[in-house]
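> Model the structure of this input:
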Amino acid sequence: MGIDIRHVEAQDVSDIKGILTDESVMLGTMRLPHVANANVEARIKSGPGDYKLVAEVDGCVVGICFMSTEPNVQRHNHVGQIDLLAVREDFQGNGIAKALLGAMLDLCDNWLQLERTGLLVWSDNTHALELYEAFGFEKEGVIRRYARRPGGFADAVMMGRLSDRVSAASVRTSNHVVHAP
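So this is what the prediction gives:
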């Protein structure tokens, strides 16, 4: 399976809405189960400091990775925050999240010269925790009862990655073509 990594485009709204409303994805995010097209359109628009990549397989967007930075905040412009990494359920386990994260961290390390990249992940999402740790993210803390979910609450793990500790190139991302955003 060939994975094409590229920047999000306006025509991706329908595919991204499908990802965001996929139950397995929705439970792993802060999203609600019903999403209007207008909300997805607003979410994929890029502003200064926004980087939004998609993974495409056979012409269909099957994964997304969004990151935000604050280029106009002098004391914080060295930091990126991964806001979302999600793969459609029927494509999970095929290296798509790994390819997306590798491409995003290559952008962080080699093009944006970011010193730190952070993220939040649910404490019970063992696959995501393992993926992030493989890319050099370290657990920095736990935020208890961070979000509501069916049946209770989810704890969030804060994770961070410092650029001088690890390079995205150290994790192999096979079978994909990366197109610069």
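> gap between the residue of the chain positioned farthest from its centre and D124?
What lies farthest from the middle of the chain is G151; by C-alpha atoms, centre = their mean that is 25.4 Å. Applying C-beta to C-beta, to the nearest Å, the value for G151 to D124 is 12 Å. Where you see a C-beta, it was placed from the backbone N, CA and C, and this is true even at glycine.
> just checking, Q81 touches T69?
Yes. Using C-beta atoms under 8 Å, Q81 makes contact with T69 at a distance of 7.5 Å.
> Tell me which of those two has more neighbours.
T69 (20 against 17; other C-beta atoms under 10 Å).
> Nearest residue to the more buried one in space, please, no chain neighbours.
G49 (4.1 Å; C-beta to C-beta, 6 or more residues apart in numbering).
> Contacts only, for that neighbour.
Applying C-beta atoms under 8 Å, 6 or more residues apart in numbering, one finds that G49 lies in contact with S68, T69, E70, P71, N72.
> SS state for S46?
Classification of S46 by DSSP: H, G, I helix; E, B strand; the rest coil places it in coil.
> Can you tell me the closest non-neighbouring residue to it?
If the residues on either side of it in the chain are set aside, S46 comes closest to K52, at 5.8 Å by C-beta to C-beta, 6+ apart.
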